[in-house]
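Visitor: Provided below for reference: sequence and predicted model.
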Amino acid sequence: MVDPSDIFELWRARFGLPDGVFSGYRFFRRAQSIWVLRDEKLPRISYETLGLRMMSLKDRPWKPTTCALQVFGKYATRNTVHLDSVQASRFLAGESQHLPCDCEPGYVVVFYSGEVLGCGLYSHGKLISQLPKERRMASCEDGDGDT
Amino acid sequence: MDYAERYREIIPEFDRFQEIQSCPLAATARINELKIDRSRLLERLRVGGISFEQLGWYSHGIRLSSEKPGKLLDYMLGFIHIQEEVSMVPPLILGPLPGERVLDLCASPGGKTTQISQMMKNQGLVVANEPSLSRISALRSNCERLGALNVVITRYDGRQFPEIDVDRVLVDAPCSSEGRARRDPGIWSRCSPKRSQDLAALQTGLLKRAVKLAKPGGVIVYSTCTYAPEENELVVQSVLDSARLEQVALPGLKECPGLTEWQGRILSDELKLCARYYPHQNDTGGFFVARLIKE
């Protein structure tokens, strides 16, 4: 278990998340990752995963996952980037692009048309897509559909 | 396809059933309210010029004309999940409520798991079990894309799942998948009575364990996407000493009653409460669903 206030402080400092966004959740650390799960009593059995992998602590600075930003990133008030459709296509394809913006260098929440697309890295005037390969649109295969 | 002949006596309008096997299925998707309101998603599709039709029997189901719905931005954003129409039935019959603890014993790839999570409004706990390591990545990826925050994944042999208290259990069992033949016509050539009997041993083990784990009065749903009575009614019959059946029906979706006789063997009359969904009756895939209440 991880202290929720430590996690919240990291997200508040980088993305300006308002109070209360993480209330009702608990956090777990496994290796270099933090996972977020609804705060519920857990049966004492062994688990492969607990909720959603929300951030990596492997490198500095810590890195948010795209899936966590798609859930919590909409509350961000700082270090957000809003793309037009051409820029969004590049981002979704996993590409880098020059983009003047007033973000601090580091990880940013990337929006398009009011929705969070995912995680980007802003560095030296470039936005570098951090979308995991399986979420990129250019290489997006049919979903793992059910029968 | 000849293998389907064994169902001539039990499937109504059998010739139509045969004909529709060669008609491909329309792509269907479930609106994921864990991430977006239904009305906002429908508006997004309209504005985006994506043609769709709402399913008559389920407010969160849509039929898409897109050839590759997995390539839609709405899919990447986790606003929709590609899911076969009748595959949306078992969670609705399970009826999980926010705050409950639900076990999905055979969870991957997670369409039903995330539908359960959605019905629980991301509250309570969904224990999604998948014994195969290679199938866990798809399950995990779908849970994460769809924003399910109340799902934990376990990797046990479902027949030996450890003792925990649960309100409801879904057993969407591995099966011969005959109901998927409209997607994969090669399925019929892989079916045999021997294969169904082997699967039935596994399915019976899974369902017995599920009944054992549910609390008294708890709900267990058993489902497959096959027509084989060996994998359906005969499996359900094996737990009727410790659970009773309830009627499975959804307004707007046509079902046939479960069988009470197969190849001269008389089965429990109660089994007629199960539902058989046939492709020619709703223009879908095929499914079998049973709802049990633990005594």
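Guide: Yep, it's here.

Visitor: Name all residues that make contact with residue B:249.
Guide: B:255, B:275 (C-beta atoms under 8 Å, 6 or more residues apart in numbering or on different chains). C-beta coordinates here come from the backbone N, C-alpha and C atoms, glycine included.

Visitor: Ramachandran coordinates for it?
Guide: The phi/psi pair for residue B:249 (degrees, to the nearest 10) reads phi -160, psi 140.

Visitor: what's the spacing between it and chain A?
Guide: 21 Å (C-beta to the nearest C-beta, to the nearest Å).

Visitor: Contacts only, for residue B:184.
Guide: residue B:177.

Visitor: swap that for residue B:38, please
Guide: B:31, B:59-60.

Visitor: Show me the strands in the stretch 151-295 of chain B, by range?
Guide: Counting by DSSP state E, counting those that start in this stretch, the stretch 151-295 of chain B has strands at residues B:151-154, B:166-172, B:214-224, B:243-246, B:256-257, B:261-262, B:265-266, B:275-277, B:287-294.

Visitor: need those strands in a markdown table with mean pLDDT, can you?
Guide: Formatted as a markdown table, these follow (pLDDT from 0 to 100):
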| stretch | mean pLDDT |
| --- | --- |
| strand B:151-154 | 98 |
| strand B:166-172 | 98 |
| strand B:214-224 | 98 |
| strand B:243-246 | 98 |
| strand B:256-257 | 98 |
| strand B:261-262 | 98 |
| strand B:265-266 | 98 |
| strand B:275-277 | 98 |
| strand B:287-294 | 98 |
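
Visitor: right, and these - which one's nearest chain A?
Guide: strand B:151-154 (4.4 Å; C-beta to the nearest C-beta).

Visitor: The closest one pairs with which strands, and in what direction?
Guide: Here strand B:151-154 has these sheet partners by DSSP bridges: strand A:49-50 (antiparallel), strand B:125-129 (parallel).

Visitor: wait, isn't residue A:62 in contact with residue A:56?
Guide: Yes: Residue A:62 is within contact range of residue A:56, at 6.6 Å (criterion: C-beta atoms under 8 Å).

Visitor: Could you name the helices and strands sitting against the helix ranked longest in chain A?
Guide: In chain A, with assignment by DSSP state H, the single longest helix is helix A:4-15. Judged by 3 or more C-beta pairs under 8 Å, 6 or more residues apart in numbering or on different chains; DSSP states H and E, helix A:4-15 is in contact with strand A:25-30, strand A:106-112.

Visitor: which residues are in contact with that helix?
Guide: So helix A:4-15 is in contact with A:17, A:21-22, A:25-27, A:34, A:36, A:55, A:61-62, A:64, A:72-73, A:75-80, A:106-107, A:109, going by C-beta under 8 Å, 6+ apart.

Visitor: Show me what residue 128 is bridged to.
Guide: Unless you meant another one, I'm taking chain A. residue A:96, residue A:121.

Visitor: not what I meant, chain B
Guide: Bridge pairing for residue B:128 - DSSP bridges - gives residue B:104, residue B:153.

Visitor: Chain B is nearest to which of the helices and strands packed on helix A:4-15?
Guide: strand A:25-30 (6.9 Å).

Visitor: Quick one: distance of that closest one to the chain centre.
Guide: Put simply, strand A:25-30 sits 15 Å off its chain's centre (C-alpha atoms, centre = their mean, to the nearest Å).

Visitor: Counting by contacts, list what the next helix-or-strand element following it packs against.
Guide: Counting by DSSP states H and E, the element after strand A:25-30 in chain order, helix or strand, is strand A:33-38. Contacting strand A:33-38 under the criterion 3+ C-beta pairs under 8 Å, 6+ apart are the following elements: strand A:25-30, strand A:49-50, strand A:52-56.

Visitor: buried residues in strand A:33-38?
Guide: Of the residues in strand A:33-38, A:33-38 count as buried by neighbour count, 16 or more other C-beta atoms under 10 Å in any protein chain shown.

Visitor: Each with direction, which strands does that strand pair with?
Guide: According to DSSP bridges, strand A:33-38 forms sheet pairs with strand A:25-30 (antiparallel), strand A:52-56 (antiparallel).
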